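Participant: after the sequence you'll find the predicted model.
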Amino acid sequence: MTDTVTDPSSCATLWELVSRRADRTPDAPVLIEAAEDPADDRTLTFGALRERAERAAAGLYAMGVRPGTVVAWQLPTRIETVLLSLALARIGAVQSPVIPFYRDREVGFALREAKAGFFAVPGVWRGFDHTAMAARIGARGVFEAYDSLPDGDPAVLPPPPADGTSVRWIYWTSGTTSDPKGVLHTDRSLIAGGTCLADALRLTPADVGSIAFPYAHIGGPDYLVMLLLYGFPAVLFEKFALPGALDGYRRHGVTVAGGSTAFYSLFLAEQRKDPGTRLIPTLRLLAGGGAPKPPEIYHAVVRELGCQLTHGYGMTEVPMITMGSPDDTPENLATTEGRPPRTMSVRITTPDGTPLPAGTDGEVRLRGEAVCRGYLGRQDSAEVFDADGYLITGDLGHLTADGHLVLTGRSKDVIIRKGENISAKEIEDLLHLLPAVGDVAVIGLPDPERGERVCAVIEQPPGAAPLTLPQLTAHLRAQGLSPHKLPEQLELVDALPRNDALRKVLKYRLRERYSRP
């Protein structure tokens, strides 16, 4: 039996959702901070969440933060970070979260582009002085917000914002290209994304979730909306590293974990150290998105971790597009990204925008309330949205007859070898079946004779014997891969380059590295 806060479509703003949940279950826990020492764990209830966020809002208001003021923040995943974000939502400020691992160049770019009037930092965090960085890049209105927040009397505050369709969020693309873009979101677009996630996962107030990724990622408010809708708590991990974080999962009885494909692999690697003992006894569901999921990962999770795995499709521009559901078939959970909610329209088209029938690969285009409003400072909307208002994602895929989405790659991940199109994802999925492959990225490299040649860059698990190109191609032939798709180059690396949010592989760096003469 769920305990939802009425129809989320009736909540105009994020603050309204916070208030409704606090009225309904004020004493229920919402945030549990897992510390390295269990004695330092902290818990916050829904009622306290509203009260403390409103007091922080009053403190920010006294500092000069007003509706429409741009406030950037670069903070780790902590209770104070969530409170600060909600305090800004209470005022109606425009907030620009920045991933805490970004440094001078990326942070300076984000603050200049957003024209931030204030910048919240954690001080010295994990050996890096963010306050000093803020001074170097000339940030304005710098204040530290790691373990304390501005405080004031909520009586000084104006009424909460009533309009949920104004742009109040500037998120930055996660770094899979060299030039990040500021993505414009509204309260309503974030609520729509979180609602899609909540509806798909079928969670209840008895569940205990977890946020082990940076809260500054677009997935942060996505997850918070889900907590507010269903009234269950999440365990926050300021530092996620295994096996160290496992004690936090176990002592708080986490039932839902995840983040992205890289997180699934990390849990599997730990489980394989002691196959006879369940890694997290209470865990019933891994859920995530943000990166491709090879079918073998799904089967390994179910088989070895003893829980279900549901994977979805989202991006900074659209935080939740499709999501697998626990009641989907194993085939759909292994090979698709799930179905879109009724509020999301997914269209598969030719490059000129002509719709294609089910089962036919083409460009993935999206229209719905969760879609962003565009990019900061960019007027070229015709390159972002088509004539029918659909966002052009750059992803390729098809819809099945029953409405599930299958992604086959990115348009730039199509390798054109001797005039033939080759899907990098098809090869990657087959290579994941090899025990000697921990993770893999297949890329196309310039070739004077072929146009592009196929290169497989592989990260091997600890202790694996070095893989050779003949072994790799023999495996792919045995799996039935067409000969013209076989890799012609193999590179073994200690670790694939990844971003700092959901650890998505940065293929552009691999292309740069291996395209050099």
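Facilitator: Here it is on my side, so go on.

Participant: okay, now the domains of this protein?
Facilitator: Residue ranges for the domains of the chain, per automatic domain parsing: 1-28+49-157+165-240, 241-410, 418-515.

Participant: give the buried residues for stretch 479-493.
Facilitator: Applying a neighbour-count criterion of 16 or more other Cβ atoms under 10 Å, the buried positions in stretch 479-493 are Leu481, Lys485, Leu486, Pro487, Leu490. Glycine gets a C-beta too; all of them are placed from N, C-alpha and C.

Participant: now those residues as a markdown table including secondary structure and pLDDT?
Facilitator: Below are the buried residues of stretch 479-493 laid out as a markdown table (DSSP: H, G, I helix; E, B strand; the rest coil; pLDDT from 0 to 100):
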| residue | secondary structure | pLDDT |
| --- | --- | --- |
| Leu481 | coil | 80 |
| Lys485 | helix | 89 |
| Leu486 | coil | 93 |
| Pro487 | coil | 95 |
| Leu490 | strand | 96 |
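
Participant: just give me the closest of these to Leu201.
Facilitator: Taking Cβ to Cβ as the measure, Leu201 lies nearest Leu481 of the buried residues of stretch 479-493, at 34.2 Å.

Participant: that closest one and Tyr102, how far apart?
Facilitator: Distance check for Leu481 against Tyr102: by Cβ to Cβ, to the nearest Å, it reads 39 Å.

Participant: now do stretch 79-87, average pLDDT.
Facilitator: Rounded to a whole number, the mean pLDDT of stretch 79-87 is 98.

Participant: thinking again about what came up before, give me whichever of the domains of the chain is most buried.
Facilitator: Scoring those by mean neighbour count under mean count of other Cβ atoms under 10 Å gives domain 1-28+49-157+165-240 as the most buried, with a mean of 20.

Participant: quick check: phi and psi on Glu304?
Facilitator: When quoted as degrees, to the nearest 10, the phi and psi of Glu304 stand at phi -100, psi -40.

Participant: could you do Leu83 as well?
Facilitator: The phi/psi pair for Leu83 (degrees, to the nearest 10) reads phi -60, psi -40.

Participant: for the protein, which residues score under the pLDDT cut-off?
Facilitator: Across the chain, the stretches falling below the confidence threshold (pLDDT under 70) are 1-9, 174-179, 379-382, 419-420, 500-502, 516-517.

Participant: looking at it, which residue lies furthest from center?
Facilitator: Of all residues in the chain, Glu449 sits farthest from the chain's C-alpha centroid, using Cα atoms, centre = their mean; the distance is 38.9 Å.

Participant: that's a strand at that one, yeah?
Facilitator: No: when the secondary structure is assigned by DSSP: H, G, I helix; E, B strand; the rest coil, Glu449 falls in coil instead of a strand.

Participant: distance check, it against Glu488.
Facilitator: Note on Glu449: its distance to Glu488, by Cβ to Cβ, is 11 Å.

Participant: now that Leu246 has come up, it's in contact with Thr282, right?
Facilitator: No: assessed by Cβ atoms under 8 Å, Leu246 is found out of contact with Thr282, at 12.0 Å.

Participant: now Leu407, what's its secondary structure?
Facilitator: In the three-state summary, Leu407 is assigned as strand, counting by three-state DSSP.

Participant: that one touches Asp361, doesn't it?
Facilitator: No: with contact defined as Cβ under 8 Å, Leu407 does not reach Asp361; the gap is 9.9 Å.

Participant: shared neighbours, the two?
Facilitator: Leu396, Gly397 (Cβ atoms under 8 Å, 6 or more residues apart in numbering).

Participant: can you map out the helices along the stretch 201-350 of the chain?
Facilitator: In the stretch 201-350 of the chain, the helices defined using DSSP state H, counting those that start in this stretch lie at 219-230, 246-251, 261-271, 295-300, 330-335.

Participant: for the stretch 351-500 of the chain, what spans make up the strands?
Facilitator: 362-368, 391-399, 405-410, 414-417, 420-423, 439-447, 451-459, 489-493 (DSSP state E, counting those that start in this stretch).

Participant: residues contacting the residue nearest to Gly59 when sequence neighbours are not counted?
Facilitator: With Cβ to Cβ, 6 or more residues apart in numbering as the measure, Pro150 is the residue that lies nearest to Gly59, at 2.6 Å, once sequence neighbours are left out. When contacts are counted by Cβ under 8 Å, 6+ apart, Pro150 touches Ala56, Ala58, Gly59, Leu60, Ala62, Met63, Phe143.

Participant: wasn't Pro150 part of a helix?
Facilitator: No: secondary structure assignment places Pro150 outside any helix; it is coil (three-state DSSP).

Participant: any idea how far Val65 is from it?
Facilitator: Pro150 sits 9 Å away from Val65 when distances are taken as Cβ to Cβ.

Participant: over to Gly220?
Facilitator: To Val65, Gly220 is 20 Å away according to Cβ to Cβ.

Participant: and if you look at Pro340?
Facilitator: Here the criterion is Cβ to Cβ. By it, Pro340 lies 36 Å from Val65.

Participant: re earlier: tell me which of the domains of the chain approaches Ala39 most closely.
Facilitator: Ranking the domains of the chain by proximity to Ala39 (Cβ to Cβ) places domain 241-410 first, at 11.5 Å.

Participant: and Thr81, helix, strand or coil?
Facilitator: Secondary structure of Thr81, reduced to three states by three-state DSSP: helix.

Participant: mind listing what the residue nearest to it when sequence neighbours are not counted touches?
Facilitator: Counting by Cβ to Cβ, 6+ apart, Leu75 is the residue found nearest to Thr81 once chain neighbours are left out, at 4.2 Å. Leu75 makes contact with Thr81, Leu84, Pro100, Ala120, Val121, Pro122, Ala145, Tyr146, Tyr215, Ala216, according to Cβ under 8 Å, 6+ apart.

Participant: which ones among those residues map onto helices?
Facilitator: With helices taken from DSSP state H, the overlap with those comprises Thr81, Leu84.

Participant: all the strands of the stretch 101-250 of the chain, in order from the start?
Facilitator: 118-121, 124-125, 128-129, 142-144, 167-172, 182-186, 209-211, 234-236.
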